[in-house]
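**Q** Quick one: sequence plus predicted model below, questions after.
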Amino acid sequence: MSAQVCVFGIVACLQVLVHNKLSFLLTRTFLGLAEAGYIPGAMYTLSTWYTKEELTKRIAIFFFGMFGGTAASPLLGAALLRLDGKCGLFGWQWIFLVEGLFSVAVSIFLFCFLPEHKEVPRSSNQVDFSGLRPMKGPLAHPSKPHIPFRLVWKTLTDMRKWPHFIATGCVFATWSPLTTYTPSIFMELGFARIKANAFCAIGSLLTLPVILFFAWMSDKLSKRGLTVMVAIFVYLIALVMLRIMMHRVDKWGKLGLWTTVNALAVGYHPIHNSWIQINCKSSEERNISVA
């Protein structure tokens, strides 16, 4: 996991050298490849330390880091854009360089301090890294050192998992482009570049209480599937409102609509993530499903 973060940071730094469309597309492709395994790996690691009852809250806290970073990134970008022209670099080059170097530094921290999960005999209890209490249950530890291809195929063709996969695909097909192009959208509404980047942080910050609320709701009701459906339906309502109202309000109204959509898009995600893991029969199946 630390190696993935390090490679991601190095590729991010190399974007400073981008000078045409082809080099841009190539570096972005490698950037995607470098980051793709981190979240599934992190989810799997969490599942080896916590029980079914504990997992949802821990995943929600994990996504606090992800979406908190998404909120801080536009603010950092807005600040770094002010360095435009310093040391012969454009503002966008400063963004890639600083954020890439930060990722490399974090990878070193991760390598030094992330505790490795040690497989233990089935007859004993897994102890978490705090050393304070034993862990029990099917999520406690992996059962095999490798994953055979036939299990990958069996998991991917299991129709009971397809609602999970389709739901994730549908939400991210709308949310990911929105977050990627939100600064450009805000600039088209008439906001200056630096201000547009800063405004992007609002929706991401609002995501934090949203995911916390749905995680609390999931634990309170013990109905993960129902909570996921409610959260996705709330996001759908926000999208419909955006579609209906977009051309009827001024730029501040449009800013509010886009911000609402960004805030509500992924409230379902931590619960959905733990839901699919809990329904898996083995650690190997859980790993593949999350990926």
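**A** Cool, got the structure.
**Q** average pLDDT across stretch 223-231?
**A** Across stretch 223-231, the average pLDDT comes to 90.
**Q** same thing with stretch 74-86?
**A** The model assigns stretch 74-86 a mean pLDDT of 82.
**Q** cool, stretch 273-290 as well?
**A** Confidence for stretch 273-290, expressed as mean pLDDT, is 84.
**Q** Could I get the buried residue list for that stretch?
**A** 273-278, 280, 283-290 (16 or more other C-beta atoms under 10 Å). In short, each C-beta sits where N, CA and C put it, glycine included.
**Q** Next: stretch 186-206.
**A** Of the residues in stretch 186-206, those buried (16+ other C-beta under 10 Å) are 186-187, 189, 191, 193-194, 196-206.
**Q** ranges for the helices of this protein?
**A** Ranges of helices in the chain, per DSSP state H, are 2-14, 21-35, 38-49, 52-80, 91-113, 149-156, 162-188, 193-221, 224-245, 251-264, 269-278, 283-290.
**Q** what helices or strands is the fifth one leaning on?
**A** The elements that helix 91-113 packs onto, with contact taken as 3 or more C-beta pairs under 8 Å, 6 or more residues apart in numbering; DSSP states H and E, are helix 2-14, helix 52-80.
**Q** what's the nearest residue to residue 38 if we skip its chain neighbours?
**A** Spatial nearest neighbour of residue 38, excluding adjacent residues (C-beta to C-beta, 6 or more residues apart in numbering): residue 4 at 5.0 Å.
**Q** Relative to residue 20, how far out is residue 237?
**A** Distance of residue 237 to residue 20, computed by C-beta to C-beta, to the nearest Å: 42 Å.
**Q** Same check on residue 55?
**A** Applying C-beta to C-beta, the value for residue 55 to residue 20 is 45 Å.
**Q** Which residue of the two possesses the greater neighbour count?
**A** Under the neighbour definition other C-beta atoms under 10 Å, residue 55 and residue 20 were set side by side, and residue 55 has more, 21 against 7.
**Q** where does that one land on pLDDT?
**A** 80.
**Q** Contacts only, for the closest residue to it other than its chain neighbours.
**A** Spatial nearest neighbour of residue 55, excluding adjacent residues (C-beta to C-beta, 6+ apart): residue 274 at 4.6 Å. Residues in contact with residue 274, defined by C-beta atoms under 8 Å, 6 or more residues apart in numbering, are 55, 56, 59, 224.
**Q** now swap in residue 257 and tell me
**A** Residues near residue 257 by C-beta under 8 Å, 6+ apart: 238, 241, 242, 245, 246, 249.
**Q** what's the pLDDT at it?
**A** Model confidence at residue 257, expressed as pLDDT, equals 93.
**Q** Could you do residue 118 as well?
**A** pLDDT, residue 118: 52.
**Q** Could you identify the most distant pair in the contacts of residue 257?
**A** Using C-beta to C-beta, the two most remote members of the contacts of residue 257 are 238 and 249, lying 14.4 Å apart.
**Q** related to what we said a few turns ago, return the most buried member of the helices of the chain.
**A** The highest average neighbour count among these, using mean count of other C-beta atoms under 10 Å, belongs to helix 269-278 at a mean of 24.
**Q** Distance check, the residue nearest to residue 38 against residue 104.
**A** For residue 4, the distance to residue 104 (C-beta to C-beta) stands at 12 Å.
**Q** same thing with residue 192?
**A** Look at residue 192 and residue 104: by C-beta to C-beta, they are 31 Å apart.
**Q** Low-confidence ranges, the stretch 101-250 of the chain, go.
**A** 116-145 (pLDDT under 70).
**Q** Residue 198 touches residue 76, doesn't it?
**A** No. In this structure, residue 198 is not within contact of residue 76 by C-beta atoms under 8 Å, at 10.1 Å.
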